[in-house]
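**Student:** could you work out the structure for the sequence below:
(one chain, ligands or ions: 1)
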Amino acid sequence: MRILFLNLPYRYPVSRSSRWPEKTKSGTLYYPYWLAYACGWARKASHEVNLIDAIAAGLTGEETISRVLAWAPDLLVTEMCTPTSSADGAFLAALKEKGFRGITAVAGTHATVLFKEVLERFPGVDFCLIGEYDRTVTDLAADPASPERVAGLAWRQGSDVRSTEQGPPIRDLDDFPFVTSIYREFLDLDDYCYSLAQKPMVQVLSARGCPFRCNFCQYPQTMCGRTYRKRSVDNFIEELRYIRTSLPRVREIFIEDDTFTVDKARVEEICDRMIAEKIGIAWSCNARADLPLKTIKKMKEAGCRLLVVGYESGDQGVLDRIRKGITLEQSREFALNTKKAGLKVFGCFMIGLSGETRETIRRTFRFARETSADMVFFQQAVPFPGTAFYQECVEKNMLTTRDFDRWLKPDGTLDCIVDYPEMTASEICATRDRLMSRYYFSLPFLLRTLASNLSFSELRRIVKAGVAYVVFRLFKRNNG
Ligand code: SF4
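**Tutor:** Coordinates of the predicted model:
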């Protein structure tokens, strides 16, 4: 079967596979890595595959439709995320109106959780793929006339929507072809950017799933589950070697696992192999603030440049309510240890988590200053469908809107959509912006940045990100 994996066009460069699907202030654009993994899986099953990223390629809707019709796939696989869902549904309807005769299958967080609504609302969608969808695609391709035999699928039948239970998650991740070989074949590395990473960069997974239970976190609750599955160290190192030889321009590898540091012994083993094999490419990853100094030092030695860490809050009550499973003491010690090891930290904080008050926000800001990460991000908590946090907001009637078309503001960024007993959504937004400015435009931060980023490339990257942020704020101010 001819299968096209398509990242749909959209009016803004939104990364549908990111935890924050919005137009970022810094120009970040993720690889469509879920589609790329599924593409590799389908190729391994001997299907003829293609991967088009309409957003990265800057294709309009019309141009994308022409490309799809020209390649004429039997099966078109796309992703849908909540803020883009209406536009995605409209695109697929337009595609069919223009004569597309193949099957359309929509995957991703939104289609996973709200498949019934998606199928009822969007006639251009034939199937929804529920959860991890690599095997669902190949099962569907093998027998599209018998959807009831395919695990993790939803479809229309008459006026009803039918669905099957998800199958077990893929356990042996070594069965996937290297995702970077798919990038190399179909995508242009220069189209992608992670503002925290050096360009060109690639995003890879060393594992899927996260055993922790943070109530706001979407991917473990919708796509990859709580079961932590890891590639063998050999297989992962083999892909790093592949990157070094086949993608020699790559300057940084971002390990996009929900949390790379779940299994500390494995992290150290991977680091030992990176050192022994002189991989020699900088890398960064998502991490939890519970790493001991020994592991942090090893990561630094193995070329790790940056840890992206979800501190989330400076209030222990909030951390407990969101089930973060981390204490403030652990986070303090972690912050100290990363400084000792010379490892950079991007600290993520959320404003508006369960039980947030003005006082807990004050504590969060104080904690951010105290732990003084190299970069921080204060973001409003967004209750994505499928999360316990979303459920809580619905039950307590805290959502300002259930219209997903209003999730993105005219500037393409995610809006604040939760009112709290003590704070309105617009107050949350204003507080977030104020905290960002107070953090970055403070003398201690500027001095620290100058002192700790003496390399020209680091300084240039930080200045570029800072300028992008300031331009964005000015634009926002002038355009409401
Ligand atoms: S540890 Fe990170 S990835 Fe895992 S559930 Fe919490 S926020 Fe999500």
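**Student:** can you pull the contacts of the closest residue to the ligand within the stretch 51-200 of the chain?
**Tutor:** Per Cβ to the nearest ligand atom, residue 109 is where the stretch 51-200 of the chain lies closest to the ligand, at 12.9 Å. To be clear about C-beta, it is placed using only N, CA and C from the backbone, and glycine gets the same treatment. Residues in contact with residue 109 (Cβ atoms under 8 Å, 6 or more residues apart in numbering) are 81-82, 218-219, 222-223, 384-386.
**Student:** again, only using 6 Å
**Tutor:** Residue 109 makes contact with 81, 218, 222, according to Cβ atoms under 6 Å, 6 or more residues apart in numbering.
**Student:** same question, residue 102
**Tutor:** Neighbour list for residue 102: 73-76 [criterion: Cβ under 6 Å, 6+ apart].
**Student:** how about the residues of the protein near the ligand?
**Tutor:** 210, 212, 214, 217, 220, 258-259, 288, 310 (Cβ under 6 Å from any ligand atom).
**Student:** quick one: which of the residues you listed sit in helices?
**Tutor:** Taking DSSP state H, the ones among the residues of the chain next to the ligand that sit in helices are residue 220.
**Student:** kindly reformat the residues of the chain next to the ligand as CSV containing neighbour count.
**Tutor:** Shown next, in CSV, are the residues of the chain next to the ligand (neighbours: other Cβ atoms under 10 Å):
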residue, neighbour count
210, 22
212, 17
214, 25
217, 23
220, 21
258, 23
259, 24
288, 24
310, 24
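**Student:** about what we covered before: which non-adjacent residue is nearest the residue of the stretch 51-200 of the chain closest to the ligand?
**Tutor:** residue 222 (4.8 Å; Cβ to Cβ, 6 or more residues apart in numbering).
**Student:** returning to that earlier point: for the contacts of residue 102, pick the one with the most neighbours.
**Tutor:** residue 76 (25 neighbours; other Cβ atoms under 10 Å).
**Student:** pLDDT wise, what is residue 196 at?
**Tutor:** The model reports residue 196 with a pLDDT of 83.
**Student:** got JSON lines for the contacts of residue 109, with pLDDT and neighbour count too?
**Tutor:** Shown next, in JSON lines, are the contacts of residue 109 (pLDDT from 0 to 100; neighbours: other Cβ atoms under 10 Å):
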{"residue": "81", "pLDDT": "94", "neighbour count": "23"}
{"residue": "218", "pLDDT": "94", "neighbour count": "26"}
{"residue": "222", "pLDDT": "95", "neighbour count": "21"}
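**Student:** counting neighbours, what do you get for the closest residue in space to residue 290 that isn't next to it in sequence?
**Tutor:** Nearest residue to residue 290, sequence neighbours excluded (Cβ to Cβ, 6+ apart): residue 330, at 5.3 Å. For residue 330, the count of nearby residues is 16 (other Cβ under 10 Å).
**Student:** heads up, I number from 58, so please use that
**Tutor:** Noted, 58 is the first residue going forward, which turns the last one into residue 387.
**Student:** where are the low-confidence patches of the protein?
**Tutor:** 507, 509-537 (pLDDT under 70).
**Student:** and with 80 instead?
**Tutor:** 82, 499-537 (pLDDT under 80).
**Student:** one step back: the residue nearest to residue 166 and residue 311, how far apart?
**Tutor:** 21 Å (Cβ to Cβ, to the nearest Å).
**Student:** kindly report the same for residue 139.
**Tutor:** 23 Å.
**Student:** same question for residue 249.
**Tutor:** 10 Å.
**Student:** what number of residues lie near the closest residue to the ligand within the stretch 58-207 of the chain?
**Tutor:** In the stretch 58-207 of the chain, the residue that lies nearest the ligand is residue 76 (8.2 Å; Cβ to the nearest ligand atom). The burial count assigned to residue 76 is 18, neighbours taken as other Cβ under 10 Å.
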